[in-house]
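A.B. asks: turn this into a structure:
(chains A, B and C)
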Amino acid sequence: MRLAEIAERTGGELIGDGDFDVRDVAEYSDAAPDTLSYAESASQRKKPTSAGALIVPPEVDPGGPGIRSEIPKLVFARAIALLRPQKQPEPGVHPGAHVEAGARIGEGVSVGPAASIGPDAEIGDGCWIGAGARIGAGVKLGPGCVIHPNSVLYTGVEVGARVVIHAGAVIGSDGFGYVPDGKGGVEKFPQTGTVVIEDDVEIGSNTTIDRGAIGETRIKRGAKIDNLVQIAHNVEIGDGSLLASQVGISGSVRVGRGVIMGGQVGISDHVEIGDGATLAAMTGVTKSLEGGKVYMDAPADEASRVRRRLVVYSRLPELARRVSALEGKQEESGRC
Amino acid sequence: MRLAEIAERTGGELIGDGDFDVRDVAEYSDAAPDTLSYAESASQRKKPTSAGALIVPPEVDPGGPGIRSEIPKLVFARAIALLRPQKQPEPGVHPGAHVEAGARIGEGVSVGPAASIGPDAEIGDGCWIGAGARIGAGVKLGPGCVIHPNSVLYTGVEVGARVVIHAGAVIGSDGFGYVPDGKGGVEKFPQTGTVVIEDDVEIGSNTTIDRGAIGETRIKRGAKIDNLVQIAHNVEIGDGSLLASQVGISGSVRVGRGVIMGGQVGISDHVEIGDGATLAAMTGVTKSLEGGKVYMDAPADEASRVRRRLVVYSRLPELARRVSALEGKQEESGRC
Amino acid sequence: MRLAEIAERTGGELIGDGDFDVRDVAEYSDAAPDTLSYAESASQRKKPTSAGALIVPPEVDPGGPGIRSEIPKLVFARAIALLRPQKQPEPGVHPGAHVEAGARIGEGVSVGPAASIGPDAEIGDGCWIGAGARIGAGVKLGPGCVIHPNSVLYTGVEVGARVVIHAGAVIGSDGFGYVPDGKGGVEKFPQTGTVVIEDDVEIGSNTTIDRGAIGETRIKRGAKIDNLVQIAHNVEIGDGSLLASQVGISGSVRVGRGVIMGGQVGISDHVEIGDGATLAAMTGVTKSLEGGKVYMDAPADEASRVRRRLVVYSRLPELARRVSALEGKQEESGRC
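C.D. replies: Numbering: from 1, shown residues only, chains lettered A, B, ... in the order given. Here you go, the predicted model:
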């Protein structure tokens, strides 16, 4: 593809030879001469690259043909989409798929082999239902969703537009709710609510999202959830929040907008996380947290406090020796 | 449904108008006038609700028609089951299911599309085998089990009565066992045992339970296991124990009766957890723990000790400053 | 099987009656008289066993018929494989499987019901593709692989020889990559690379391994990965490394050869773990670690340092009291 075309279609500004023929994208340090890569800063640009064209920020010289952008990585991401277009499956229902009576399949939908679509499910236009995916009775999918192989949507789950659900994810399974029966055992608290996934959400492989007990579990617009994440019943995840792998969110938690969680974060039930909070990997949250701050450690605390504490923590044996030394000297001085 | 009928069928005591027509259940703070909700205490009852009927403990006045019970939430759970009955699938084997020779299917069993039932498997009366579920050769399921879509039971796994296995759970995969081969590599330690799941167990979505290496892994009667939990080979989980999401239990661990584990707890191999122990979320266990106590932190310690420690831990920089101050004064006094 | 035959086929040295008829293998403490078990040491041998034959190290007397070996557990593992041979599925493509045009199926391959094999996939000789497994377009499997039921290999994933992938594992899903769009939202960074799994790797159930963003994610020869592990995009796992359950590895991490990780370890992105490092369960790694050492805690530190620190940490309240006592005495002496 001509570099000029890439610049135009990615929203960047062409530098130099617009006829440069870009064959592929590549990492900066591992690029062939016919590829396009990107540098995020002048200091990165000082390192050698064999890329034939570079996307650079305004203050950096690509040293040849290139594209200028305030956000080089964004233009690069769009260039990848152009140069390595994802293969679309052919529309149509595979003869080995199972579509139950009453299901409505939109225009241009592809349903893979061994997939099943339950009664009264509605599949929006242009959806791709992968092989072996399970779309339960009455599930609604908006247009343009990609439901990867062997994922499972339980009965009645509602999904917006352009939602991507990766393989093996389970949406709408029962929440973990039991009531003591007064005789030393428990009875199940029926899990009769649902899950709502709003537009432009992406959900990672083997992630699990439980239905609400009575009400709903809701993943709001544009939230992105990585692999192997657990989201319990009646949780709400705010717009555009990003949850890395293996995060676990307990029941009835409210996560605000634009919250970022590192891997393996855990959050106790009924807690609220304010808008724009950032939780470092492995943070353990037991109380509600204000938005706009960075948290670490378990129990969670503000990162600046945790960092100061870790300096002392890492030298605890030394601190103990200093206390012993003080005690020894005091004893001595007491003896004088 | 008439309130009087609900009271009778849930084991509660009717208060006021038994003809009150209950249309649905609802959360206390989010209830319509034709719904039934519950209050657990007098203090909750002071908050406003629009519920038309309330389940209350003996000392609380519902302020209208209601049901009295020592355990309002238990009666409410039973009312949910009455008012929102789970839809049962039609009995019968879907034409798109694969039942191998020698498999025995009980009365009233439903087998979904693309499910497979291996040779010599036995499916008890009234079981529901969801779409795409894999029932391995020789697996035995007791009556009334619900095996949700795309879950996998490896060859030979034994399951009791009324067991629920959620979507994507894997029961009976190989344990993680390797032996150093004396040449710097490893050989596989064959995993030839099995898994036994006793009656009334519920297993969450995408949970994994490995088969015993030689003997068995056993989940005892009434235990409830949440999503994304790992249970390694030769583990035993005691009667009625509750394991929250993302718990990881290493090989040959013995968990007693009525043990409660919060999310993301991890337990090292060959450890024993006594009856009735409670492990807070993220507890890391490396040694056996006595029953009947509450534990936190990693490595695990009794909660009362951990709480006292956390008070000091959270102020470590202050403690270090106090030690520095003492050292400074001592030096001064030494100089006098 | 005759004990002499077992000795010969496992590489051990026969002791005593080679005609002893071994019916099964058993754990040492739970063995019947017609079984073979093993003792790893003289101290273990002092405990009673009813096993009819024992595998023992050179310095230990089996007290009857037995097998001698430098690594008794290795010989025992091989004996299990002999006495409890895994049942091989019949070769052939199940009529309920879905093999797309252009897929090449090797000799002696078994494909289970409801499995699907995408266009242009290549399945090596002797592979077993379990029921409901999803082999994406263009996937290549070397000879002798076992792909358990309902696992998913996305388009283009490359797998070597004798690789075992357990049920529900997902190989090749999109990495978690998004770019800020400069307007408060994010755009997806396309995940267009692949995953390469080298020979003799074993991958646990419901584990997820993401494809590289541009390049590849690579699991090198002989690595063994337990259940519910997350491996992000562009990660490399070195030869023979062992990762226990629920480990989470962030993007672009390099793990060396022979690294051992306990359960629930978490590693931040772009970190390198040196050859032969051992990471205890729940270790949290934020910086690169030298090989050949043992690490614990979060943030990770050398185990010897952590153990000394934990001694002080576990008695923090006592340390605080000692500091208070020193302050009190100093105040007293100040008053004199």
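
A.B. asks: what bridges to the nearest residue to A:I209 once chain neighbours are set aside?
C.D. replies: Using C-beta to C-beta, 6 or more residues apart in numbering or on different chains and skipping the chain neighbours, the partner closest in space to A:I209 is A:I231 (4.4 Å). Where you see a C-beta, it was placed from the backbone N, CA and C, and this is true even at glycine. Note on A:I231: beta-bridge partners A:I209, A:I249, judged by DSSP bridges.

A.B. asks: so A:I231 is in contact with A:I249, correct?
C.D. replies: Yes. Between A:I231 and A:I249 there is a contact at 5.0 Å, judged by C-beta atoms under 8 Å.

A.B. asks: need the phi and psi values for the closest residue in space to A:Q330 that isn't next to it in sequence.
C.D. replies: In space, and not counting its chain neighbours, A:Q330 is closest to C:K329: 6.1 Å by C-beta to C-beta, 6+ apart. Dihedral pair for C:K329: phi -60, psi -40, per degrees, to the nearest 10.

A.B. asks: equivalent analysis for A:F76, please.
C.D. replies: Torsion angles at A:F76 (phi, psi; degrees, to the nearest 10) stand at phi -60, psi -40.

A.B. asks: same question, the one 3 residues further on
C.D. replies: Main-chain torsions, A:A79, degrees, to the nearest 10: phi -70, psi -40.

A.B. asks: what ranges in chain A fall below the confidence cut-off?
C.D. replies: Confidence mapping of chain A against pLDDT under 70 gives the ranges A:334-336.

A.B. asks: what domains does the record give for it?
C.D. replies: A:3-83, A:92-304, A:310-335 (automatic domain parsing).

A.B. asks: interface residues of the stretch 151-300 of chain A facing chain C?
C.D. replies: Contact residues, the stretch 151-300 of chain A versus chain C (C-beta under 8 Å from any C-beta of the partner chain): A:164, A:166-168, A:202, A:204-206, A:222, A:224, A:226-228, A:240, A:242, A:244-246, A:258, A:262-264, A:281-282.

A.B. asks: of the residues you listed, which belong to strands?
C.D. replies: Residues of these located in strands (DSSP state E): A:V164, A:E202, A:K224, A:L242.

A.B. asks: mind listing what's buried in stretch A:180-190?
C.D. replies: Residues of stretch A:180-190 classed as buried by neighbour count (16 or more other C-beta atoms under 10 Å in any protein chain shown): A:V186, A:E187, A:K188, A:F189, A:P190.

A.B. asks: does chain B have contacts with that stretch?
C.D. replies: Yes. Judged by C-beta under 8 Å from any C-beta, stretch A:180-190 comes into contact with chain B at A:P180, A:D181, A:G182, A:G184, A:G185, A:V186, A:E187, A:K188, A:F189, A:P190.

A.B. asks: thought the last one was touching B:Q86?
C.D. replies: Yes. With contact defined as C-beta under 8 Å, A:P190 and B:Q86 form a contacting pair (7.3 Å).

A.B. asks: all helices of the stretch 51-200 of chain A, in order?
C.D. replies: Assigned by DSSP state H, counting those that start in this stretch, the helices in the stretch 51-200 of chain A fall at A:72-83.

A.B. asks: how about the residues of it near chain B?
C.D. replies: Taking C-beta under 8 Å from any C-beta as the contact definition, the stretch 51-200 of chain A meets chain B at A:98, A:100, A:114-116, A:132, A:134, A:136-137, A:150, A:152, A:154-155, A:168, A:170, A:173-174, A:176, A:178-182, A:184-190, A:192.

A.B. asks: measure stretch A:122-129 end to end?
C.D. replies: Its first and final residues considered, stretch A:122-129 spans 12 Å by C-alpha to C-alpha, to the nearest Å.

A.B. asks: and it, how far out from the chain's middle?
C.D. replies: Centroid separation between stretch A:122-129 and its chain, computed with C-alpha atoms, centre = their mean, to the nearest Å, is 22 Å.

A.B. asks: thinking again about what came up before, which of the buried residues of stretch A:180-190 sits closest to B:K46?
C.D. replies: Nearest to B:K46 among the buried residues of stretch A:180-190: A:F189, at 24.0 Å, using C-beta to C-beta.

A.B. asks: ok, and the closest non-adjacent residue to the closest one?
C.D. replies: A:F189 sits nearest to A:G177 (C-beta to C-beta, 6+ apart), 3.6 Å away.

A.B. asks: the one you found contacts A:K188, correct?
C.D. replies: Yes. Counting by C-beta under 8 Å, A:G177 does reach A:K188; the two are 7.1 Å apart.

A.B. asks: correct me, but the residue nearest to A:Q330 touches A:K329?
C.D. replies: No. C:K329 is beyond contact range of A:K329, at 11.1 Å (criterion: C-beta under 8 Å).

A.B. asks: on that earlier part again, what's around the residue nearest to A:F189, how many residues?
C.D. replies: When neighbours are counted by other C-beta atoms under 10 Å in any protein chain shown, A:G177 registers 20.

A.B. asks: residues in contact with A:D199?
C.D. replies: Shown in contact with A:D199 (C-beta atoms under 8 Å, 6 or more residues apart in numbering or on different chains): A:G142, A:G160, A:A161, A:R162, A:V163, A:R221, A:G222.

A.B. asks: give me that answer again for 6 Å
C.D. replies: Listed by C-beta atoms under 6 Å, 6 or more residues apart in numbering or on different chains, the contact set of A:D199 reads A:G160, A:A161, A:R221.

A.B. asks: what of A:I71?
C.D. replies: A:I71 is in contact with C:G182, counting by C-beta under 6 Å, 6+ apart.

A.B. asks: please redo it, this time with the cut-off set to 10 Å
C.D. replies: Neighbouring residues of A:I71 by C-beta atoms under 10 Å, 6 or more residues apart in numbering or on different chains: A:G11, A:G12, A:Y38, A:E40, A:I55, A:P57, A:A77, C:V179, C:P180, C:D181, C:G182, C:E187.

A.B. asks: burial count for the fifth one?
C.D. replies: As a burial measure, A:I55 scores 31 neighbours (other C-beta under 10 Å).

A.B. asks: do the one 3 residues further on as well
C.D. replies: A:P58: 9 surrounding residues under other C-beta under 10 Å.

A.B. asks: which residue is the nearest non-sequential neighbour of it?
C.D. replies: Distance criterion C-beta to C-beta, 6+ apart; nearest residue to A:P58, sequence neighbours excluded, is A:R68 at 5.8 Å.

A.B. asks: hmm, A:L14 and the one you found touching each other?
C.D. replies: Yes. The pair A:R68 / A:L14 is scored as a contact, 7.9 Å apart, by C-beta atoms under 10 Å.

A.B. asks: which residues are common contacts for those two?
C.D. replies: Listed as contacting both A:R68 and A:L14 by C-beta under 10 Å, 6+ apart are A:A7.

A.B. asks: list residues touching both of A:I231 and A:I249?
C.D. replies: Counting by C-beta under 10 Å, 6+ apart, the residues touching both A:I231 and A:I249 are A:I209, A:D210, A:T217, A:I225, A:I237, A:L243, A:V255, A:I267, B:S245.
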